[in-house]
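1. Okay, here's the prediction I keep looking at, along with the sequence it came from:
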Amino acid sequence: MSAHIGVTGLAVMGANLARNLARNGYTVALHNRSVARTDALLQAHGGDGDFVRTETLAELVDSLERPRRVLIMVQAGAPVDSVIADLVPLLDEGDIIIDGGNSFYEETRRREESLRAKNLHFVGVGVSGGEEGALNGPSIMPGGSKESYDSLGPMLEKISAKYNGEPCCAWVGTDGAGHYVKMVHNGIEYADMQVIGEAFDLMRSLAGIEPREQAGVFREWNTTDLASYLIEITSEVLEQEDETTGRPLVDVVVDSAGQKGTGRWTAISGLEVGSPVTAIAESVFARSISSQRELRAVTNATFSAGVDETLSATEKYGSAEDRQDFVEDVRKALYASKLVAYAQGLDMLVAAGEEYGWELDLKAIASLWRAGCIIRADLLDTIMKAYDAPRDQQPKNLLLAPEFNEAINECLPAWRRVVAAAATYGVPAPVFSSSLSYYDSLRRERLPAALTQGLRDYFGAHTYKRVDKEGTFHTQWSGDRSEIDA
Ligand SMILES: NC(=O)C1=CN([C@@H]2O[C@H](COP(=O)(O)OP(=O)(O)OC[C@H]3O[C@@H](n4cnc5c(N)ncnc54)[C@H](OP(=O)(O)O)[C@@H]3O)[C@@H](O)[C@H]2O)C=CC1
Ligand SMILES: O=C(CO)[C@H](O)[C@H](O)COP(=O)(O)O
């Protein structure tokens, strides 16, 4: 029996994707560097469908129908290159290597170019949804050649998540486009989680609402325009009790957030393509600060907040009613900041599309994120509607779409109050506040960048433009300070 597809790398994601493929009627050849993982999968879930057990990559390749499709699900980075190097001599023209891990898009571009020269297809595929999504239907963002999608697309669409019956899988663009879109998805995921964390911290620190009670608040919020997977699971994490101590789990977990790289890459790429992804970058930095535990131990004992930190929640917010108002303010600040994160992520997709020659369709990308992935949220339907127009008629920024502009206006007073309260009482809210600054920066008619230009011209003769005439100018700062054409 020839297998339809081979999967190499059977850890969390590979094993569950293999099972998903098998459950959908495909015969799946299995391979893992250490055979024990292959056998463990077969023993536990061999009944899911038709599997072919293999011990070597040569056996894996031999078991496949043509064109061969090999899905690599190993750790991102050097292991992917190593598996590709082992696979290439075993494959023939037209065969397809698929990398479904979180690979860096520049590496995907390099790998695609080098394999294209060998007449092999290389498809970088963004997969989101974690363990559960991989098994029951992830959001899938494939790149690579359009031709390879003709062969691969039906299979990927079949195993993907469905939203109102539509697959959350579509070809997004050539070479590294799939991994780029997944990277931006993860950047938004970082910001989304950070704003949830900021809301939690503010409600606890300023209004005295403890984790178990907050679980109810988040559950309630999940019935509003914030409805999303991350809000839903926040209530579950917050109500989880630690078995050993009986305390909320969130109080016994070390407050250092890990990161595997995709958020950092998003921030770096934002800088490279000139797209100000401040919410995403601040979220990455927030994880970095959280990991500076030694420094934090010293500064915690040394730095003062400059305010009376012994004030109780009641002293800060008065009556329970005031605290209810504060909770509603925080909800609005969270929603507005979340919109900024999406707006920035989508903006950077446009900038990257221009940089790398990808025709990224924002409406289609929003549709892929509606189910199966970590950032799935009700608001993605509205985002799709906002981009339901030819490119030249689409809003230049998500926040300009009438429905979101209105929503931001509705949230603004609350957003400002929350950022002010955070600053007043010394609670860090880097994404709430930087998102508000981003909004205000876009909104302002004049920015202090004019002064920056003046300073650059003063110390480095970097020149400037004028608002009232064409040309490039320089003031002779060290001479008579007259202006000359530069
Ligand atoms: N976990 C998640 O929720 C998500 C993960 N991803 C991405 O999917 C990919 C797979 O993730 P995950 O399933 O968590 O697995 P891991 O990233 O933990 O990788 C483990 C797998 O890689 C294999 N491996 C490591 N080094 C090599 C090597 N040099 N040669 C061959 N095989 C090697 C391991 O084999 P062995 O068993 O022999 O050690 C094992 O099968 C990663 O890129 C990850 O970032 C994407 C979305 C969600
Ligand atoms: O891709 C994912 C979800 O979409 C993975 O879970 C990824 O590991 C998340 O990133 P990080 O580990 O840096 O938080």
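-> Received, thanks. Residues are numbered from 1 along each chain as shown. Ligands and ions are numbered 1, 2, ... in the order given.
2. alpha carbons only for contacts and neighbour counts from here, please
-> Will do.
3. dump the residue contacts of the residue nearest to Val35 when sequence neighbours are not counted.
-> In this structure, Val35 finds its nearest non-sequential neighbour in Glu55, 6.1 Å apart by Cα to Cα, 6 or more residues apart in numbering. Each residue near Glu55 by Cα atoms under 8 Å, 6 or more residues apart in numbering is listed here: 31-32, 35.
4. repeat for Asn102
-> Per Cα under 8 Å, 6+ apart, neighbours of Asn102: 76, 126-127, 179, 182-183, 262.
5. Check the secondary structure at it for me.
-> coil (DSSP: H, G, I helix; E, B strand; the rest coil).
6. coming back round to it: now the residue nearest to Val35: how far from ligand 1?
-> Distance of Glu55 to ligand 1, computed by Cα to the nearest ligand atom, to the nearest Å: 11 Å.
7. hang on, that residue in a helix?
-> No: counting by three-state DSSP, Glu55 is not part of a helix but coil.
8. What does the pLDDT read for it?
-> We note a pLDDT of 98 for Glu55 in this prediction.
9. show me where the stretch 151-300 of the chain has strands.
-> 162-163, 166-167 (DSSP state E, counting those that start in this stretch).
10. What is the first one packed up against?
-> Applying 3 or more Cα pairs under 8 Å, 6 or more residues apart in numbering; DSSP states H and E, one finds that strand 162-163 makes contact with no other helix or strand.
11. which neighbours does that strand have in its sheet, and in what orientation?
-> Strand 162-163 has its sheet partners listed here by DSSP bridges as strand 166-167 (antiparallel).
12. now the strands for the stretch 351-486 of the chain?
-> So, for the stretch 351-486 of the chain - with DSSP E, counting those that start in this stretch - the strands run 473-475, 483-485.
13. Pull the residues that contact the last one.
-> Put plainly, it is strand 483-485. 471-476.
14. Indicate the residue of the stretch 101-250 of the chain located nearest to ligand 2.
-> Residue nearest to ligand 2 within the stretch 101-250 of the chain (Cα to the nearest ligand atom): Ser128, separated by 4.6 Å.
15. Angles on the backbone of the residue nearest to that residue when sequence neighbours are not counted, please.
-> Nearest non-adjacent residue to Ser128, counting by Cα to Cα, 6+ apart: Cys373, 4.7 Å away. Per-residue torsions, Cys373: phi -100, psi 170 (degrees, to the nearest 10).
16. List the residue ranges of the stretch 301-450 of the chain that fall below the pLDDT cut-off.
-> 314, 318 (pLDDT under 70).
17. Repeat the analysis, applying 90 as the threshold.
-> 307-322, 391 (pLDDT under 90).
18. Okay, buried residues for the longest helix along the chain please.
-> Criterion DSSP state H: the longest helix present in the chain is helix 320-356. For helix 320-356, burial by neighbour count (16 or more other Cα atoms under 10 Å) applies to 323, 326-353.
19. And for stretch 369-383?
-> In stretch 369-383, counting by 16+ other Cα under 10 Å, buried: 369-380, 382-383.
20. and ligand 2, which of those reach it?
-> Contacts with ligand 2 within the buried residues of stretch 369-383, as defined by Cα under 6 Å from any ligand atom: Ile374.
21. now, which of the buried residues of stretch 369-383 lie within helices?
-> 379-380, 382-383.
22. So which elements touch the longest helix of the chain?
-> Using 3+ Cα pairs under 8 Å, 6+ apart, helix 320-356 sits against helix 177-207, helix 278-291, helix 313-317, helix 402-425, helix 430-443.
23. Helix 177-207 and that helix, what's the angle between them?
-> Between helix 320-356 and helix 177-207, the angle comes out at 160 degrees (axes from the mean of the first three to the mean of the last three Cα atoms, to 10 degrees).
24. quick one, phi psi at Leu64?
-> phi -100, psi 150.
25. er, Trp369 actually
-> Dihedral angles for Trp369 - degrees, to the nearest 10 - are phi -90, psi 0.
26. Now do the contacts for it.
-> Taking Cα under 8 Å, 6+ apart, one finds 139, 168, 375-377, 380 in contact with Trp369.
27. Which positions in the stretch 1-150 of the chain make contact with ligand 1?
-> 9-14, 32-34, 37, 73-76, 79, 83, 101-103, 127-128, 130-131.
28. and with 5 Å instead?
-> Neighbours of ligand 1 within the stretch 1-150 of the chain, by Cα under 5 Å from any ligand atom: 9-13, 33-34, 73-76, 79, 101-102, 128, 130.
29. could you say which helix or strand contains Ile98?
-> strand 96-99 (DSSP states H and E).
30. elements contacting that strand?
-> For strand 96-99, the packing partners by 3+ Cα pairs under 8 Å, 6+ apart are strand 69-72, strand 121-128.
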